[in-house]
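> Any chance you can model this:
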Amino acid sequence: MTELPHTRTRAVHWLATTAALAAVLGGTALLQPATATPAPASGKAPDPARARYPLDCGTSGAGVDVLDKAAADFDGDGTAETAAVVRCQAHGGTPPSAVFVLSGAPDGRRPRIAATLVEQREGMSVRDLGVRGTTISATLLGYSSADVPRCCPDKRRPVKWEWREGKFALRPGPVAGGGVSV
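This next block holds a predicted model:
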């Protein structure tokens, strides 16, 4: 069987393909979307262990546990902020979590709360905190009813908060575990 002339590969074909591929890869390396990761922030991110949180931990004087943290310069001002998952300390059970974004205090002392993403009163646990660029992601765990033991959430929802126009905008994902959302 004879080959058609246009089906034979020659060195010129491979060179043209390589040049085209290099042009595409080079172009994508030089061009970045507007939501690209900002330049590294100067200075240290606020320490979430030093912040005061608006949590109701009862009259027992229980402290606050910082369960997870991640830092980035969300607002592009050159200073890092810290996203922190916190909850009241407990000797048993699973108290609800809250998520706060902290910024540095002007006097360099205690960090201040710049945004509240999940409030304690919502009764959820927060897992898998992550930061990519100016987006915070997490998984919210919740309960379909008061009959579900607080140890065992039966609802799960991935969420993202994107920094847009001077504030965080929530982008919820689908709810796993039935029709009730968290």
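
> Closest to the centroid, which residue in the protein?
Centroid-nearest residue in the chain, with C-alpha atoms, centre = their mean: Ile136, separated by 2.1 Å.

> Identify the bridge partners of that one.
Val131, Trp161 (DSSP bridges).

> And the one 5 residues further on, by the same measure?
Note on Leu141: beta-bridge partners by DSSP bridges are Ser125, Arg156.

> still on that earlier bit, quick one: contacts for the residue nearest to the centre of the chain?
70, 74, 83, 99, 101, 117, 129-130, 160-161, 168 (C-beta atoms under 8 Å, 6 or more residues apart in numbering). Every residue, glycine included, has its C-beta placed from N, CA and C.

> Reformat these as TSV; add secondary structure and distance to Ala90.
As requested, those are arranged in TSV below (DSSP: H, G, I helix; E, B strand; the rest coil; distance: C-beta to C-beta, whole Å):
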residue	secondary structure	distance to Ala90
Ala70	strand	23
Phe74	coil	30
Ala83	strand	22
Val99	strand	18
Val101	strand	24
Leu117	strand	21
Leu129	strand	19
Gly130	strand	25
Lys160	strand	28
Trp161	strand	26
Phe168	strand	28
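
> Mind giving me the ChimeraX command for buried ones among those?
Only the buried entries of the contacts of Ile136 go into this ChimeraX selection, using 16 or more other C-beta atoms under 10 Å:
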select :70,74,83,99,101,117,129,160,161,168
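
> quick one: the strands in the protein?
64-72, 81-88, 97-103, 112-118, 125-132, 135-142, 155-164, 167-172 (DSSP state E).

> I'd like these as a markdown table, with distance to Asp56 and mean pLDDT appended.
Output for the strands of the chain, formatted as a markdown table (distance: least, C-beta to C-beta, whole Å; pLDDT from 0 to 100):
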| stretch | distance to Asp56 | mean pLDDT |
| --- | --- | --- |
| strand 64-72 | 11 | 96 |
| strand 81-88 | 8 | 96 |
| strand 97-103 | 10 | 97 |
| strand 112-118 | 14 | 96 |
| strand 125-132 | 16 | 96 |
| strand 135-142 | 18 | 96 |
| strand 155-164 | 23 | 95 |
| strand 167-172 | 23 | 93 |
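
> mind checking which of those strands is nearest Cys57?
Smallest distance to Cys57 across the strands of the chain (C-beta to C-beta): 3.8 Å, for strand 81-88.

> Neighbouring strands of the closest one in the sheet, and parallel or not?
When DSSP bridges is applied, strand 81-88 pairs with strand 64-72 (antiparallel), strand 97-103 (antiparallel).

> tell me the most buried of those strands?
Ranked by mean neighbour count, the strands paired with strand 81-88 are led by strand 97-103 with a mean of 24 (mean count of other C-beta atoms under 10 Å).

> Can you give the distance of that strand from its chain's centre?
11 Å (C-alpha atoms, centre = their mean, to the nearest Å).
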